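>>> dropping a prediction and its sequence here:
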Amino acid sequence: MRRYILHRLWQGAVAVVGALLIVFVAQRLSGDPVALLLPMDATEADFEAMRSALGLDRPLPVQFVVFLRDALLGDFGHSYLWNMPAMDLVLERLPATLELALAGLVFALALAVPLGVLSAVHRGGWIDNAAKLFAMLGQAMPGFWVGLLLIVFVAVQLQWLPAYGRGTVGHLVLPAIALGWYPVAAMTRTLRSAMLDIMQSDYVRMERAIGLPERAIVWRFALRNAAVPLVTLIGVYFANMLGGAFVIEVVFAWPGVGRAVVEAVFARDFPVVQAGVILAAVIFVVVNLIVDLTYGLIDPRIRHE
Amino acid sequence: MSEIAPAPLPGFGVGRAMRRVVGRGFPWIAASILLLVLVCALGSPLIAPHAPDAISLRDAMQPPVWQEGGTTRFLLGTDNLGRDILSRIIAGARISVTIAAYAIVLSGFIGALLGMAAGYFGGIVDAVISRLIDIQMSVPALPLAMLFAAVLPPGEAMVVIVIVLTYWTWYARIVRGEVLSLRERDYIALAKVAGVSTPMIFLRHLTPNILNIMLVLATLQFGSVIVFEAGLSFLGLGIQPPQVSWGGMLADGRNFIEVAWWLITVPGIAIMAACLASNLLGDWLRDTFDPMRRQL
């Protein structure tokens, strides 16, 4: 187990360095990185100072090492729009994004778990068919469009919930549905097929034979085992929601990391974009690492291997 | 006991292909939708009832024909500048299909080539390419798109580059796995012994064997690309006006969300229909060509 953790940590570190490399390449790709990192009204003296600070006269590998060192020290440049360190600005927005991602995950699970379990238990029944239809349509509807529809029909026409901004629990509902929309289909399908396998296993037959109530078998014992593949999906989608809620945060004017990055793209505030992308990559790696380590908690067999 | 009865002899060529198409529940509706999108894309200036960018303020904000106040002149209504929504949807199909075509061909080609090289040569080549795939996959697609949107000028080329960067790993991973098993086959060994050059082995012996799975991936990617492009264009980072795109139409409509529901609904349905059709057809192709890979 310890070797496994060390191996996964190493892999995670490689992935983060890789992400930094991509950011570095993108920075250099634009021609003059100094033009990206300085405001448009910067003077020639500012340019010179930045050039020597970045060591642009030195060879590229050396520049990358310097970039890595700054990144490790948490220095991702200065937002010239907000006049503060770029990473601080992004981290400041993280709680709002985290709140939305958690709510989105809760929505996805609240829908996917009952749908997945019931469609496996009543295989071929109306719930199964309805879930199939929902999954098919749901996967083809972009989450941000679902969000726009929710704004038109639920917020504007019915006036049930607020359409924009952050504040009350009510503000959270519509963006959470839009963000949690996409994973529902995949989660339902995964849970359904896992449940189908497990409901035919020996121990379920055993539990039936000793007369355990069917409800306990399904929801307490079978679901726990069927949850293992679901955990992987939860990790992947949660990481994606944390690092990639750009469009939905813009649709709902949600003051999170995604919207900050989109605004930074328009303002040509590259340090903030860079910080947001690196944060997303780090979150992605960390969440996946946690997921892999969680397997051992859910399924003791994995722990011993 | 039907298993014992001799199976009907398979037909040849067109006959067999047709039987396959009809016999396995071919998704006719999905295929028709895709065909319609393609026809719109190829013939948009001929089919569209109006010019997609013809402004006519007198006709602004007409609802669709079935709603009170709608006219048959504008079947799906008009936007705030009086532009015909139906014509804009048809024109938008052209952009979506063009982007998807470039993106699919490029990411398929790059991904397949790298995947083949990794699977065929193994060793250091495989290690480098596999690491590259891992790194690429550890950066989620949208943040990557933001990064490139920040450094490249917006427009079709940028959208295609971002999509190719995101999707080449799809092809590379799967082709690599496929080639890993193919290269152990006798006919590959024989070709090598017979002195067939490596590019020739790639072209004549490996490529035909991965075409099926490539077709499946490309079909599935089509829907995915349409949604991705719509998201970027909605943010204003993708296709730039005056070019018409479905995502851009959603962005325009968002400003009138309280008065004109059709500006939001209609382009979204176009995106959904294209994506749904591509998913259904892709699933069918996968089940038909490659029943072992249902879990893809």
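Sure, I can see it. Bear in mind the structure is a predicted one, so any value in this text is a computation, not a measurement.
>>> which other residues reach stretch B:110-128?
The contact list for stretch B:110-128, computed with Cβ atoms under 8 Å, 6 or more residues apart in numbering or on different chains, reads B:129-130, B:132, B:164, B:167-180, B:182-183, B:198, B:201-202, B:206-207, B:210, B:214. Glycine gets a C-beta too; all of them are placed from N, C-alpha and C.
>>> thought residue A:115 was touching residue A:129?
No. Counting by Cβ atoms under 8 Å, residue A:115 does not reach residue A:129; the two are 11.5 Å apart.
>>> those two: which has the busier surroundings?
Shown here are residue A:115 and residue A:129; by other Cβ atoms under 10 Å in any protein chain shown, residue A:115 has more neighbours (24 against 12).
>>> still on that earlier bit, can you flag which of the contacts of stretch B:110-128 belong to helices?
Secondary structure from DSSP state H places B:129-130, B:132, B:164, B:167-180, B:182, B:198, B:207, B:210, B:214 of the contacts of stretch B:110-128 in helices.
>>> buried members of the residues you listed into ChimeraX, please.
Burial among these is assessed by 16 or more other Cβ atoms under 10 Å in any protein chain shown; the matching ChimeraX selection reads:
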select /B:129,130,132,164,167,168,169,170,171,172,173,174,175,176,178,179,182,210,214
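>>> return the residues of the stretch 51-200 of chain A in contact with chain B.
Residues of the stretch 51-200 of chain A lying close to chain B by Cβ under 8 Å from any Cβ of the partner chain are A:136-137, A:139-142, A:144-145, A:148-149, A:151-153, A:156-157.
>>> farthest pair in those?
Greatest spatial distance in these: A:136 and A:156, 27.8 Å, computed using Cβ to Cβ.
>>> give me the below-cutoff pLDDT ranges for chain A.
For chain A, the stretches with pLDDT under 70 are A:1, A:30-33, A:36-37, A:40, A:53-57, A:296, A:299-305.
>>> chain A contacts on the stretch 151-296 of chain B?
Counting by Cβ under 8 Å from any Cβ, the stretch 151-296 of chain B sits next to chain A at B:151-152, B:223, B:227, B:230-231, B:234-237, B:250, B:253-254, B:257-258, B:261, B:264-265, B:268, B:271-273, B:275-276, B:279-280.
>>> ok, now with 6 Å
Neighbours of chain A within the stretch 151-296 of chain B, by Cβ under 6 Å from any Cβ of the partner chain: B:151, B:227, B:231, B:235, B:257, B:258, B:261, B:264, B:268, B:272, B:275, B:276.
>>> tell me how many other residues crowd the fourth one.
In other words, residue B:235. Other residues within reach of residue B:235, judged by other Cβ under 10 Å, total 25.
>>> over to the second one?
Taking other Cβ under 10 Å as the criterion, the count of residues near residue B:227 is 25.
>>> contacts only, for it.
Contacts for residue B:227 (Cβ atoms under 6 Å, 6 or more residues apart in numbering or on different chains) come out as A:142, B:275.
>>> what pLDDT does it get?
You'll see residue B:227 listed with a pLDDT of 90.
>>> secondary structure class for residue B:51?
coil (DSSP: H, G, I helix; E, B strand; the rest coil).
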